[in-house]
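> here you go, sequence then predicted model.
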Amino acid sequence: MTTLPATGRTHADLLADLTARKAGDRDWRQGRLAVYFYWLDEELERVQQDAYLAFWTENNLGQRAYPSLKSIEDEVIAMSLALLGGGERAGGTFTSGGSESIFLAMMAARNKARVANPNIVLPNSAHLTFDRAAQALGMEIRRVPIGADLRADPAAMAARMDASTVALVGSAPNYPFGTFDPIEAIAALAAERGVWMHVDACVGGFLAPYVRRLGHHIPPFELSVPGVTSLSADIHKHGMAPKGASLLLMADAADREWHKFESHAWQRGPYAAYTTQGTRPGGAVAAAWASMNYLGDAGYLRCARLIMEAKAIMTAGIVAIPGLAILEPSDLCIFVWRAVDPSLDVGKVAAALDAEGWLVGRQQEPDGIHLHLNPIHREIAEDYVAAVARAVAAARGEATARIGANERTY
């Protein structure tokens, strides 16, 4: 459609049209993709939907009109600070996602430092959202190669710093490899040089504390680490809330003022906001609050257990397939597997998986397959391993057929 219909369409017609348009979409409820979604079960989904609908039209910008939203948002922030090492001075901002949380953190670092030609020093495994934020904020990005252990190299980062460096970044974990950067060392460097230190825990924030409780080694990354200034954590990732819910948490709530916009430059009167959004959907904060309260501590621990069980099954099954290996190390819910047999084409393996309905996330360096697990993957972990085995067999069969044809040609 390129123009509005002459008359309105019926409810039933619209729903039928939308349903038909989704026919070619991937069915994420079956766990056949490991990106873009986070899901536990239909019961939690209904809780989220009902909570969102309860505030489906309220504007969270207008908290004077909707004090309920302020109380809900305050509770989400307080619960998250308690989980992620916030002390008495800590505070936070509810945002639309990790990109906004990171943008606001870099904006605050720039505004607080007030230096000419500000730059950010970060490992080259850090999310590209930092580059996007820097581009918009007029900052320079200095990406530093990671070490052989797939983690940030604090000494190399120190070597790239100068008087215009306003922020250091570490990931908990990074997205390409699922490894935790040495947050304590980076934060100590930031404290020594007097610069902002941001922890990107968008993936790990609501999962890593529970994986640690299950007995897995998770290094310190929280706000309680000396020298950490801010931390981003996505509730719509492993906080298991629907899209539109993230947090920028501050070790000192006073630092929120550095990402605040305030102006009196029009006739209407003063305008102030701590986010890049104006209008903010009340449903997003209500659904995040409901998800956190519905799951509770025990629910998040269960999610962590399901994820780590799925990872154990998948990694063990994949390494048992001749020619495949897991890229090590991998600390949390993300891992990469690749071919170590030069005759095995990972591209053909990926194509065979795709043909069976698995959405494949390709890793560029090294060439491989990237997985980011969530609880539903526990139900299909064995199925995935079997699918990989079939895909490898198919890829090897294609190679054999091609060689045979070439031999016949000559």
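Nice, thanks for sending it over.
> can you tell me which residues contact the residue lying closest to residue 358 once chain neighbours are set aside?
Take residue 358 and drop its neighbours on the chain: the residue closest to it by Cβ to Cβ, 6 or more residues apart in numbering is residue 32, 5.0 Å away. Backbone N, C-alpha and C define where each C-beta goes, glycine included. Going by Cβ atoms under 8 Å, 6 or more residues apart in numbering, residue 32 touches 26, 357, 358, 359, 380.
> hang on, the third one packs against residue 384?
Which is residue 358. Yes: at 7.3 Å, residue 358 counts as touching residue 384 under the criterion of Cβ atoms under 8 Å.
> picking up where we left off before, okay, and which of the contacts of residue 32 map to helices?
residue 380 (DSSP state H).
> mind putting the contacts of residue 32 in TSV, pLDDT, distance to residue 391 and neighbour count included?
Putting those into TSV (pLDDT from 0 to 100; distance: Cβ to Cβ, whole Å; neighbours: other Cβ atoms under 10 Å) gives the following:
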residue	pLDDT	distance to residue 391	neighbour count
26	86	17	15
357	92	12	12
358	94	8	23
359	92	13	14
380	95	15	18
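> name the nearest of the contacts of residue 32 relative to residue 113.
Of all the contacts of residue 32, residue 113 sits closest to residue 359, with 41.6 Å by Cβ to Cβ.
> state the distance from the residue lying closest to the closest one once chain neighbours are set aside to residue 4.
Closest residue to residue 359 apart from its sequence neighbours, by Cβ to Cβ, 6+ apart: residue 33 at 3.6 Å. Look at residue 33 and residue 4: by Cβ to Cβ, to the nearest Å, they are 34 Å apart.
> neighbour count winner among the two?
Neighbours per residue (other Cβ atoms under 10 Å) separate residue 33 from residue 4, with residue 33 holding more: 18 against 7.
> where does the protein dip in pLDDT?
398-410 (pLDDT under 70).
> can you give me the strands in it?
91-95, 119-123, 140-144, 165-171, 196-200, 230-234, 246-250, 261-263, 271-273, 324-326, 334-339, 361-363, 368-372 (DSSP state E).
> can you give the strand pairings for the fifth one, parallel or anti for each?
Put plainly, it is strand 196-200. strand 165-171 (parallel), strand 230-234 (parallel) (DSSP bridges).
> buried deepest among those, which one?
Using mean count of other Cβ atoms under 10 Å, the stretch among the strands paired with strand 196-200 with the largest mean neighbour count is strand 230-234, at a mean of 29.
> now that strand - C-alpha only, PDB.
The C-alpha coordinates for strand 230-234 follow below in PDB (Å, rounded to 0.1, in the frame of the first residue of the first chain):
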ATOM      1  CA  SER A 230      28.500   3.400  34.700                       C
ATOM      2  CA  LEU A 231      27.100   0.200  33.500                       C
ATOM      3  CA  SER A 232      24.500  -0.700  30.800                       C
ATOM      4  CA  ALA A 233      22.200  -3.700  31.200                       C
ATOM      5  CA  ASP A 234      19.300  -4.700  28.900                       C
END
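> once you drop chain neighbours, what's closest to residue 382?
Nearest non-adjacent residue to residue 382 (Cβ to Cβ, 6+ apart): residue 313, at 6.3 Å.
> which residues touch the one you found?
For residue 313, the contact set (Cβ under 8 Å, 6+ apart) comprises 378, 381, 382, 385.
> before we move on, what about residue 344?
323, 324, 392, 395, 396, 399 are the contacts of residue 344 under Cβ under 8 Å, 6+ apart.
> tell me which two of those sit farthest apart.
So, the contacts of residue 344 by Cβ to Cβ: farthest apart are 324 and 399, at 15.0 Å.
> those two: which is more packed in?
Taking other Cβ under 10 Å, residue 324 and residue 399 do not tie; residue 324 has more neighbours (22 against 14).
> you'd agree the more buried one is up against residue 393?
No: counting by Cβ under 8 Å, residue 324 sits too far from residue 393 to count as a contact (11.9 Å).
> can you show me the helices along this protein?
11-21, 42-54, 67-83, 98-113, 129-137, 154-160, 183-193, 208-213, 282-319, 346-355, 377-409.
> contacts for the second one?
In other words, helix 42-54. Contacts with helix 42-54, where a contact means Cβ under 8 Å, 6+ apart, come from 39, 240-242, 283-284, 286-287, 289-291, 294-295.
> give me that answer again for 10 Å
By Cβ atoms under 10 Å, 6 or more residues apart in numbering, the residues outside helix 42-54 that reach it are 29, 39, 56, 68, 72, 240-242, 244, 281-291, 293-295, 299, 303, 375.
> now the first one
Contacts of helix 11-21 from elsewhere in the structure, counted by Cβ under 10 Å, 6+ apart, are 1, 8, 9, 10.
> distance check, residue 282 against residue 292.
Computed with Cβ to Cβ, the distance linking residue 282 and residue 292 is 16 Å.
> that older thread, which neighbours do residue 324 and residue 393 share?
With Cβ under 10 Å, 6+ apart, residue 324 and residue 393 have common neighbours residue 349.
> circling back: ok, which of the helices of the chain comes nearest residue 121?
With Cβ to Cβ as the criterion, residue 121 lies closest to helix 154-160 of those, at 4.9 Å.
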